[in-house]
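S.K.: Got a sequence here, can you model it:
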Amino acid sequence: DDSDIWDVYLVAFYWGVFTLTTIGYGDAYPHNHAEYALCSVTMLLSVFVWEYVLASIVSLLSTFDPHKIRFEQNLDDLNVLLASRYEMGKLQE
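M.R.: Predicted structure coming up:
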């Protein structure tokens, strides 16, 4: 039966999502197809929200010292300038 194969895929998808998201193997688990689908979507959305929170924190911490960032940008600009000057010198030879 074609619906049986989709049942297997839905349960496998649910298992993969809760394993990869490390939400875990809790005591409460879905009992029907709608619950499997809803749990899978909810776990995926929760992961995206958690990733956004972590990315925001990392972004905030990485821009914590604006003077260091400006210094590193200046060094990058200087390296680009020196590299272009070196290439121009090689062309003139």
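
S.K.: Please count neighbours and contacts with C-alpha atoms only from this point.
M.R.: OK.

S.K.: and Ser62, how many neighbours does it have?
M.R.: When neighbours are defined as other C-alpha atoms under 10 Å, Ser62 has 11 of them.

S.K.: what do you get for Leu10?
M.R.: 17.

S.K.: Kindly list the main-chain dihedrals of it?
M.R.: For Leu10, the backbone dihedrals are phi -60, psi -50 (criterion: degrees, to the nearest 10).

S.K.: Surely it is in contact with Leu38?
M.R.: No - using C-alpha atoms under 8 Å, Leu10 is not in contact with Leu38, being 10.8 Å away.

S.K.: Distance of Phe64 relative to Ser3?
M.R.: Phe64 is 54 Å from Ser3, where distance means C-alpha to C-alpha, to the nearest Å.

S.K.: who has more neighbours, those two?
M.R.: Phe64 (11 against 8).

S.K.: what's the spacing between the more buried one and Val58?
M.R.: From Phe64 to Val58 the distance is 10 Å (C-alpha to C-alpha).

S.K.: Over to His67?
M.R.: His67 is 18 Å from Val58, by C-alpha to C-alpha.

S.K.: Need the per-residue pLDDT for the residue nearest the centre of the chain.
M.R.: Centroid check for the chain by C-alpha atoms, centre = their mean gives Glu51 as the closest residue, at 6.0 Å. pLDDT, Glu51: 90.

S.K.: name the element it belongs to?
M.R.: helix 33-62 (DSSP states H and E).

S.K.: For that helix, could you pull out the residues that count as buried?
M.R.: Of the residues in helix 33-62, 36, 39-40, 43-44, 47 count as buried by neighbour count, 16 or more other C-alpha atoms under 10 Å.

S.K.: farthest-separated two in the residues you listed?
M.R.: Spanning the widest gap among the buried residues of helix 33-62 are Tyr36 and Val47, at 16.6 Å by C-alpha to C-alpha.
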